[in-house]
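Novice: let's see this in three dimensions:
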Amino acid sequence: MYLLIIGVANFSVFWKEFSMLVPLVMAMPLGPLIYFYVQSLLEPTSGWQKKNWIHFFPILLDLLPRLMGAVYLIGITMRFIVGDERISWINTIDKLDMYIDVPRWISISTYLFFAWRLTKRDGIKTDDANLKWTKQFVFAFIAFQTIWFLHLIPYVTPSLSDDLIELVNWYPVYIPLAVMVYWLGIKGFFLRSSRGETAKGLLLSNKVVDDTKVALLKSMEHDHLYLDPGLTLNTLVSHTGIAQKVISSVLNQQMGKSFNEFVNDYRIEAVKQKLHSGNQHLTITGIAFECGFNSQATFQRVFKQTTGLTPTEFVARNVKTA
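Specialist: Presented below is the predicted three-dimensional model:
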């Protein structure tokens with residue numbers, strides 16, 4: 001952005017084409033990103049849903065001036081655009097990029113409003129420190145939006161726009177933005193450190209932990225997901241609607257198991273029950289596959305680790321044959 005501001009594009013064909021094709025300002029995704037980040041902090045059990053992607057479709061507005069820039073460059077190359085038409089095209093692209101700032105500002109402000117409402121809602125499933133950080137995070141963006149608004153009004157006013165850019169350019173927005181980014185990063189880092197949040201797990205409330213445990217047990221004991229040989233952590237996330245990081249944290253920190261250990265415990269127990277019930281029409285491997293295993297080697301290894309016996313030894317010691 002700085003290189004373009006100081007006019008390097010006027011001295012380099014590469015930079016001129018670069019500024020035409022590459023979207024250096026991608027503001028439309030910021031609003032949804034802020035909102036869903038805040039939601040993940042305040043409602044850790046809320047998993048990502050495919051329908052949420054629709055919130056990012058307005059990114060096409062950010063790309064529109066660049067698409068016109070591509071058409072312009074093709075037109076210049078193919079000589080469809082010549083003479084004064086070039087100036088007209090450039091002015092049109094610049095004006096389009098200018099006025100798209102209005103929906104950009106509206107989009108971010110709208111999502112900030114709903115993010116702020118989340119922080120005020122009853123029944124928030126997070127601790128006080130997390131809630132305080134979330135409010136500070138949202139407020140920082142609200143402050144930036146205010147600064148941007150004060151710059152945006154004269155910028156989109158035809159009689160004031162040129163004088164504004166001539167006088168201060170975009171520095172009244174860029175400098176606060178840089179300060180905010182550094183502040184958020186440093187503040188967030190020290191908050192994470194002070195709360196002891198490491199890669200090993202999250203700081204979750206007792207209610208979140210209990211709700212997650214209930215959902216995990218139900219998915220195995222009632223819904224029998226372990227019988228699916230293709231079961232993955234993502235499948236469990238989709239089934240329970242609980243975020244992956246929450247499930248992993250509860251399994252690792254609260255239940256002392258990895259995802260595979262959690263699932264395989266149920267599979268081994270199902271195999272043992274079938275062996276005791278005398279399923280003579282199936283081999284031991286057939287029973288293992290029926291209980292969710294998809295590899296004989298994995299089944300043999302997990303069974304030995306869990307019971308201390310190989311499947312054959314277990315049958316010999318514990319299963320009575322007719």
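Novice: just give me the neighbour total for Trp183.
Specialist: Trp183: 12 surrounding residues under other CB atoms under 10 Å. (Glycine included, C-beta is placed from N, CA and C.)
Novice: any idea how far Phe144 is from it?
Specialist: Per CB to CB, to the nearest Å, Trp183 is found 10 Å from Phe144.
Novice: now the strands for this structure?
Specialist: If you assign secondary structure with DSSP state E, the chain ends up with no strands.
Novice: longest helix in it, please.
Specialist: Assignment by DSSP state H gives helix 128-155 as the longest helix of the chain.
Novice: quick one, grab the pLDDT at the closest residue to Pro229 other than its chain neighbours.
Specialist: Once flanking residues are discounted, Pro229 sits nearest to Asn294: 3.8 Å by CB to CB, 6 or more residues apart in numbering. pLDDT, Asn294: 88.
Novice: what comes up buried for the longest helix of the chain?
Specialist: Residues of helix 128-155 classed as buried by neighbour count (16 or more other CB atoms under 10 Å): 130, 133-134, 137-138, 140-141, 144, 148, 151-152, 155.
Novice: from those residues, which has minimum pLDDT?
Specialist: Comparing pLDDT over the buried residues of helix 128-155, the lowest score belongs to Asn130 (73).
Novice: what about the helices in the stretch 101-250 of the chain?
Specialist: For the stretch 101-250 of the chain, the helices defined by DSSP state H, counting those that start in this stretch cover 101-120, 128-155, 158-168, 171-194, 206-221, 233-240, 244-249.
Novice: most tightly packed of those helices?
Specialist: helix 244-249 (a mean of 19; mean count of other CB atoms under 10 Å).
Novice: so the longest helix of the chain versus helix 101-120, what angle?
Specialist: Angle, helix 128-155 to helix 101-120, by axes from the mean of the first three to the mean of the last three CA atoms, to 10 degrees: 160 degrees.
Novice: packing partners for helix 128-155?
Specialist: Counting contacts by 3 or more CB pairs under 8 Å, 6 or more residues apart in numbering; DSSP states H and E, helix 128-155 packs against helix 30-42, helix 101-120, helix 158-168, helix 171-194.
Novice: to Phe289, which of those lies closest?
Specialist: helix 30-42 (37.6 Å; CB to CB).
Novice: any regions of the stretch 51-200 of the chain where pLDDT drops low?
Specialist: Scanning the stretch 51-200 of the chain for pLDDT under 70 picks out 122-129, 192-200.
Novice: can I see the domain layout of this structure?
Specialist: What automatic domain parsing lists as the domains of the chain is 2-194, 206-318.
Novice: quick revisit: possible to save the helices of the stretch 101-250 of the chain as a markdown table with distance to Leu3?
Specialist: Listed next are those as a markdown table, based on distance: least, CB to CB, whole Å:
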| stretch | distance to Leu3 |
| --- | --- |
| helix 101-120 | 20 |
| helix 128-155 | 21 |
| helix 158-168 | 16 |
| helix 171-194 | 13 |
| helix 206-221 | 47 |
| helix 233-240 | 42 |
| helix 244-249 | 38 |
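Novice: what's the closest of those helices to Phe262?
Specialist: Closest to Phe262 of the helices of the stretch 101-250 of the chain, according to CB to CB: helix 206-221, at 7.3 Å.
Novice: which strands and helices sit next to the closest one?
Specialist: Here helix 206-221 touches helix 233-240, helix 244-249, helix 259-277, going by 3+ CB pairs under 8 Å, 6+ apart.
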